[in-house]
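Visitor: here is a sequence together with a model predicted from it:
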Amino acid sequence: MNAQLECGGTESIALKGALLLYESRRSTATYNARLEAGAVAEAVEVKAELAQLETQATALGKVLPTPTINTLPLIGRNPLQLVSLLPGVTPVGGDTNGDATNAKMPGGMARDNAVLTDGGESRGTVNSKPAFTIPMELVAEYWVDTATYGAEFGRAAGGVVNLVTKSGSNQVHGSLYEYFRNDVLNANAWTNNRANVGRGVLRRNEFGGSLGGAVIRNKPFSFGNYERVLQSAPIQSLNAAPLASQRAGDFNGTFDSAGRQVTVCDPNTTRASASNPTQAIRDPFPGNRVPGNRINAVSTNMLKYWPAPNRPGEMPAQLNNFY
């Protein structure tokens, strides 16, 4: 590399009051600069490209990866509930978990979905029964087609759920698990607090195990799973049980929700009203009490099995006196 530096011209310099004129002739200086090769560097370039257009099928859906299946918490450990993760899937009624049996998928109504396990149909079609499902530990692959799937998936006006079970390998793999729920781990329900009642009993144990391997190395493989659910959860409810006076036929202390006295009439006095023949009227029992000989024997025997109130009633009608 040749670099040329030029200088020239006339300069006037004042020095101790004397004027010194200095003339320089125009001159050219050459400097040879030597460039040396630098260090060799590598660069990694990352490009984000659009996904390749699917040209073989028109189905819309999603494959749920194994980590999603294994790690997401599910009440009841039902893999069919995972369809609620997909866009366009709407749970129906009280099925807030989005079970594939009842969920609405694009283009179909509830219960119009197909559920295939290893290619076999397992949907529930009678009396709103859910589709048969396999334990979470047994799921190897899970994909859902929500719309425009191929003609090989017939008999479905909604979505198609495909479950593929695990198979064994040359290495032995297995698992043991238990999921439990207990009332000592739960807070009391808001409705229970409002009614001043305690937590209900809940005992739920869901346990099992899986094991897979090769029957003969590089030959037939096998994988199995066992699961069992034990649950005890008595139904809790508030009801109105007859008071002791009502059991004896005395309704003087019986009021409606507005606090008005309830009058018990004698059915044997039924007759047409004189002012309106189309209207039937009856006379009340004397003293608003049903005589003992008028109480049916069947009713008397049934009262033996009817519980007595076990908590104070609410409002004048004494509602919610039995828990």
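Guide: Sure thing, it's come through. Worth saying up front: this structure is predicted, and the values here are computed from it rather than measured. Numbers count the residues shown, from 1 in each chain.

Visitor: please make it C-alpha for all contacts and neighbour counts, starting now.
Guide: OK.

Visitor: how about the strands of the stretch 1-150 of the chain, start to end?
Guide: Remark: strands assigned in the stretch 1-150 of the chain by DSSP state E, counting those that start in this stretch are 2-15, 18-32, 60-64, 114-117, 120-121, 139-147.

Visitor: next up, the contacts around Pro284.
Guide: Taking C-alpha atoms under 8 Å, 6 or more residues apart in numbering, we find Pro284 in contact with 263-266.

Visitor: scratch that, Asn113
Guide: Taking C-alpha under 8 Å, 6+ apart, one finds 100-102, 105, 123, 156-161 in contact with Asn113.

Visitor: now the strands for the stretch 201-323 of the chain?
Guide: Going by DSSP E, counting those that start in this stretch, the stretch 201-323 of the chain shows strands at 203-214, 221-232, 271-272, 280-281.

Visitor: next, format those strands as JSON lines and append mean neighbour count.
Guide: Below are the strands of the stretch 201-323 of the chain laid out as JSON lines (neighbours: other C-alpha atoms under 10 Å):
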{"stretch": "strand 203-214", "mean neighbour count": "17"}
{"stretch": "strand 221-232", "mean neighbour count": "14"}
{"stretch": "strand 271-272", "mean neighbour count": "14"}
{"stretch": "strand 280-281", "mean neighbour count": "14"}
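
Visitor: got the domain ranges for this structure?
Guide: Per the record, the chain has its domains at 2-31, 60-165, 173-232, 244-305, by automatic domain parsing.

Visitor: okay, those, which one's buried deepest?
Guide: domain 60-165 (a mean of 17; mean count of other C-alpha atoms under 10 Å).

Visitor: distance between the ends of that domain?
Guide: Terminal residues of domain 60-165 are spaced 22 Å apart (C-alpha to C-alpha, to the nearest Å).

Visitor: mean confidence score for it?
Guide: Averaged over domain 60-165, pLDDT sits at 77.

Visitor: same check, this time on stretch 311-323
Guide: The predicted model gives stretch 311-323 an average pLDDT of 86.

Visitor: can you list the residues that contact it?
Guide: Contacting residues not belonging to stretch 311-323 are listed as 236-241, 254-259, 308-310 [C-alpha under 8 Å, 6+ apart].

Visitor: ok, back up a step: could you dump the strands of the stretch 201-323 of the chain into CSV with mean pLDDT and distance to Asn186 added?
Guide: Formatted as CSV, the strands of the stretch 201-323 of the chain follow (pLDDT from 0 to 100; distance: least, C-alpha to C-alpha, whole Å):
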stretch, mean pLDDT, distance to Asn186
strand 203-214, 92, 11
strand 221-232, 92, 15
strand 271-272, 91, 58
strand 280-281, 92, 54
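
Visitor: related to what we said a few turns ago, right, and the domains of the chain - which one's nearest Val44?
Guide: The minimum distance between Val44 and those falls on domain 60-165, with 29.5 Å, by C-alpha to C-alpha.

Visitor: starting at the chain centroid, how far to the closest one?
Guide: 13 Å (C-alpha atoms, centre = their mean, to the nearest Å).
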